[in-house]
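Enquirer: whatever this is, show me its structure:
(chains A and B)
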Amino acid sequence: MIDREATEKYLAEQAVLPESVLAAMVVGSMARGWANAYSDMDLVAICAELPAEVSARQPVPLQPPCFAVRAWHGPDQRWEVKYWTAGQVEQILAKVSWDAFESNGSAPQSLTEAEELLLERSLTGLPVVGADWLAELRGRLADSAFQTQVTSRSLARAEESVVDALGQVEADDPYSAVLSARKAYGHAVDAMLESHGVYGSLQPKWRARRVQDATLTELTFSDYWQVESMAGYDDAQPATWVADTVRRTRALIMQVEL
Amino acid sequence: MTSALPPAHWVPALPPDVRVRKMRGRLLVARRDESVQLEDVSAAIFARIDGTSSAEQIGQALCAQYEVDPPTAVADTVEFLGQLVELGILDRGW
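Expert: Numbers count the residues shown, from 1 in each chain, chains lettered A, B, ... in the order given. Okay, the predicted model is just below:
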């Protein structure tokens, strides 16, 4: 459980939030309640301008052409704040507009991983400063093509992996086919989650957590986990597992509402 | 000479390159340059193509759901599968 006031006080003591800060939020595993003893405390701060004193700057195809990072070791864990400007957020929102989606096709090609993570985390972060600003951002994201873009991308990836898996079985390459089928199913699960507004396909390590938290009617956790953990796999008959996993993948794809 | 309609014992399978999207409750199915929009019964038949169920089994499985007698359900299923083959969405496998 995050203590918002204590976090804000600590950040003030560390002087890591610039005067121009519009919003700041705890993100990642801490915000989702999935943290462990070795988890970092990750934050995102949206500011009018990027702060001058930072640990690193990461390039992005935006103006200004980087976001900033400040990291340090606190009393209990490592802390990291990523700083973005409000202007950069506007540019990222333009990339997930319906106009961009209709002209660009289904894939959010122009969205970098860092930008996508920022949008996704804006939806699940716990506000420390600027809750109203973040609520407005969430509303604009809900009206954007972001959900359709990422869901379409996961569906396309699932189908590409199905083609790989079936082609590899046909070419008598069953072990590659097993890997492709498992990958296909993972993408289909991601698509199903994204269609319900549960994002995070860039971080498959949290997929089980996302399925657990989502409690989907289309996919129970035990059904999901049976495939993800390859519970029914028989090394004497890998092609059987591939066929069953492809069938489950396609059944999921057909239920994902765009 | 092969029949235009598949036999009821035919087990249809989706080719690897078939793409499916569900939009507003309808299935949009595409393969190569062909695409078809499926609703209601046709979507339910398509969703049951799994490479292990025959046309007859698919038709019978839909009887209760759509309150039709088994011979009609199987005949409709066979006819629809034949149309998918004609469109090139499914490969002729009989």
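Enquirer: list the contacts of whatever residue of chain B ends up closest to chain A.
Expert: Ranked by CB to the nearest CB, the top residue of chain B for proximity to chain A is residue B:16, at 4.0 Å. C-beta coordinates here come from the backbone N, C-alpha and C atoms, glycine included. Contacts for residue B:16 (CB atoms under 8 Å, 6 or more residues apart in numbering or on different chains) come out as A:162-163, A:166-167.
Enquirer: what does the pLDDT read for it?
Expert: Here the pLDDT value assigned to residue B:16 is 95.
Enquirer: going by secondary structure, it is in what exactly?
Expert: Remark: residue B:16 resides in no helix or strand, with elements defined by DSSP states H and E.
Enquirer: go on, residue A:114?
Expert: helix A:113-124.
Enquirer: now do the same for that helix: mean pLDDT, whole number.
Expert: The average pLDDT for helix A:113-124 rounds to 96.
Enquirer: could you do stretch A:207-214 as well?
Expert: On average, stretch A:207-214 scores 97.
Enquirer: ok but residue A:22 is inside a strand, no?
Expert: Yes - checked against DSSP: H, G, I helix; E, B strand; the rest coil, residue A:22 lies within a strand.
Enquirer: what is the neighbour count of residue 29?
Expert: Going with chain A. 18 (other CB atoms under 10 Å in any protein chain shown).
Enquirer: correction: the question concerned chain B.
Expert: With neighbours defined by other CB under 10 Å, the count for residue B:29 comes to 23.
Enquirer: who does the helix or strand it falls within pair up with?
Expert: Using DSSP H and E, residue B:29 maps to strand B:26-31. Using DSSP bridges, the strands paired with strand B:26-31 are strand B:19-23 (antiparallel), strand B:34-38 (antiparallel).
Enquirer: for the ones you listed, could you give me CSV that also reports mean neighbour count, mean pLDDT and distance to residue A:256?
Expert: Converted to CSV, the strands paired with strand B:26-31 look like this (neighbours: other CB atoms under 10 Å in any protein chain shown; pLDDT from 0 to 100; distance: least, CB to CB, whole Å):
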stretch, mean neighbour count, mean pLDDT, distance to residue A:256
strand B:19-23, 18, 96, 6
strand B:34-38, 15, 96, 15
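Enquirer: near chain A, which residues of chain B?
Expert: Proximity of chain B to chain A, by CB under 8 Å from any CB of the partner chain, involves residues B:14, B:16-17, B:19-25, B:27, B:46-47, B:50-52.
Enquirer: returning to that earlier point: where does the residue of chain B closest to chain A fall, phi/psi-wise?
Expert: Backbone geometry at residue B:16, expressed as degrees, to the nearest 10, gives phi -60, psi -40.
Enquirer: repeat for residue A:44
Expert: phi -120, psi 130.
Enquirer: what's the neighbour count on it?
Expert: By the other CB under 10 Å criterion, the neighbourhood of residue A:44 contains 24 residues.
Enquirer: how near is it to residue B:45?
Expert: According to CB to CB, to the nearest Å, residue A:44 stands 48 Å off from residue B:45.
Enquirer: please apply the same query to residue A:170.
Expert: From residue A:170 across to residue B:45, the span is 26 Å (CB to CB).
Enquirer: quick one: which of these two has more around it?
Expert: Ranked by neighbour count (other CB under 10 Å), residue A:170 and residue B:45 place residue B:45 first, with 23 against 11.
Enquirer: can you pull out the helices in the stretch 51-200 of chain A?
Expert: A:86-95, A:98-104, A:113-124, A:131-143, A:146-170, A:174-195 (DSSP state H, counting those that start in this stretch).
Enquirer: right, I mislabeled it, should have said chain B
Expert: Counting by DSSP state H, chain B has helices at residues B:40-47, B:55-66, B:70-87.
Enquirer: residues touching residue A:200, list them.
Expert: Contacts of residue A:200 by CB under 8 Å, 6+ apart are A:120, A:190, A:193, A:206-207, A:210.
Enquirer: again, only using 7 Å
Expert: A:120, A:206, A:210 (CB atoms under 7 Å, 6 or more residues apart in numbering or on different chains).
Enquirer: which one of those residues sits closest to residue A:32?
Expert: residue A:206 (7.6 Å; CB to CB).
Enquirer: any weak-confidence spans in chain A?
Expert: For chain A, the stretches flagged by pLDDT under 70 are A:1, A:105-109.
Enquirer: equivalent analysis for chain B, please.
Expert: Those would be B:1-3, if you go by pLDDT under 70 across chain B.
Enquirer: what are the structural domain limits within chain A?
Expert: Domain assignment for chain A by automatic domain parsing gives A:4-144, A:147-253.
Enquirer: that older thread, how about the helices of the stretch 51-200 of chain A, which one is nearest residue A:64?
Expert: Proximity to residue A:64 (CB to CB) singles out helix A:86-95 among the helices of the stretch 51-200 of chain A, at 7.2 Å.
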